[in-house]
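Enquirer: sharing a model prediction with you, sequence too.
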Amino acid sequence: MSVVTRFAPSPTGRLHMGHAYSAIRAHDFARERGGRFLLRIEDIDGTRSRPEHVATIIEDLRWLGLKWDGDVLFQSARLDIYAAALERLHEMGLLYRCYCTRAEIAEALSAPHGAVAVYPGTCRHAPERDAPHCWRLDMAAAVPRCGDLSWTDHGRTVANAALAQGDVVLARKDAPASYHLAVTVDDAAQGVTDVVRGRDLFEATHVHRVLQALLELPVPRWWHHDLLTGEDGARLAKRHGAPTLAAMREVGVDGGEVAAKLRAGLRG
Ligand code: GLU
């Protein structure tokens, strides 16, 4: 089976070096194996996604010398497909309405309850009412229906999605699909065989593996990579003051050289 990878940025801001690193890793993984590299724009969040960021992302990738195969896939054009997947889970009786506000969830999570901040299930058995709500997956009901939930990272079976924590949000008041649902549906729809992305999404993979089992989707291999860090060891992110790729481009930095340095770091 030929390899297919993807880079899937959310156009809610400008890309920085961490994104460049991730895009290069996914791109090179496919190219080194004669496979395909896809670009997917994860713009389901209508309030935070901006068309100008999409244009900048595309320019950034070209500046780095990365070419993707086929058309760019925009999640905002696929809301009906996510709604159908949501409906299927609904029919399986695995979703419930959650009426909690962000403030209520934050307060519930501040109580001492162990190391992992998970939604405490406040609304799991709440009577239905006519009020704004999101849809959550009843994880305790979902996992036993799934069978084998192991998955591989860097070629080794490392995890079992039965460890998936908490009732994640699958659709929101203002967005018909959450990141978890859209990413799972699209990786399958695009035939992605190998998900190359940052280690910060390792825990999310448990959720994606559960959704694949419930929706009977193919299971890719995962290759979570380390995250670029600044000199102080902290993760390189915008709030860290790291320049965006666009800012580097604007002052005349050579994108090919940036890509070469990131690749040299990979080997070194
Ligand atoms: N859209 C996500 C982000 O920008 C990445 C999704 C993924 O690689 O699974 O963080």
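Expert: On my side now, so go ahead. Numbering: from 1, shown residues only.
Enquirer: from here on, contacts and neighbour counts on C-alpha atoms
Expert: OK.
Enquirer: SS state for the residue of the stretch 51-200 of the chain found nearest the ligand?
Expert: In the stretch 51-200 of the chain, the residue that lies nearest the ligand is residue 197 (5.2 Å; CA to the nearest ligand atom). Following DSSP: H, G, I helix; E, B strand; the rest coil, residue 197 is assigned to strand.
Enquirer: skipping adjacent residues, who's closest to it in space?
Expert: In space, residue 197 comes closest to residue 224 once its chain neighbours are excluded; the distance is 5.1 Å by CA to CA, 6 or more residues apart in numbering.
Enquirer: how about the helix or strand encompassing that neighbour as PDB, C-alpha atoms only?
Expert: Element membership for residue 224 (DSSP states H and E) is strand 221-225. These are the backbone C-alpha positions of strand 221-225, laid out as PDB (Å, rounded to 0.1, in the frame of the first residue of the first chain):
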ATOM      1  CA  ARG A 221       0.000   4.200  11.600                       C
ATOM      2  CA  TRP A 222       1.000   7.200  13.800                       C
ATOM      3  CA  TRP A 223       4.500   8.800  14.000                       C
ATOM      4  CA  HIS A 224       4.300  11.500  16.700                       C
ATOM      5  CA  HIS A 225       7.400  13.600  16.600                       C
END
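Enquirer: which residues sit against it?
Expert: With contacts defined as CA atoms under 8 Å, 6 or more residues apart in numbering, strand 221-225 is touched by 22, 151-155, 193-199, 201-202.
Enquirer: which pair in these spans the largest distance?
Expert: For those, the farthest-apart pair by CA to CA is 22 and 151; their separation is 20.7 Å.
Enquirer: so between the two, which is more surrounded?
Expert: Set residue 22 next to residue 151 and count neighbours by other CA atoms under 10 Å: residue 22 wins out with 24 against 19.
Enquirer: and the angle for the helix or strand containing that one with strand 221-225?
Expert: Assigned by DSSP H and E, residue 22 belongs to helix 17-31. Relative orientation of helix 17-31 and strand 221-225, computed by axes from the mean of the first three to the mean of the last three CA atoms, to 10 degrees: 140 degrees.
Enquirer: ranges for the strands of the stretch 101-250 of the chain?
Expert: Listed in chain order, the strands of the stretch 101-250 of the chain (DSSP state E, counting those that start in this stretch) span 134-137, 150-153, 156-160, 169-171, 194-198, 221-225.
Enquirer: from the chain's centre, how far out does the last one sit?
Expert: Looking back up the chat, that one is strand 221-225. Put simply, strand 221-225 sits 12 Å off its chain's centre (CA atoms, centre = their mean, to the nearest Å).
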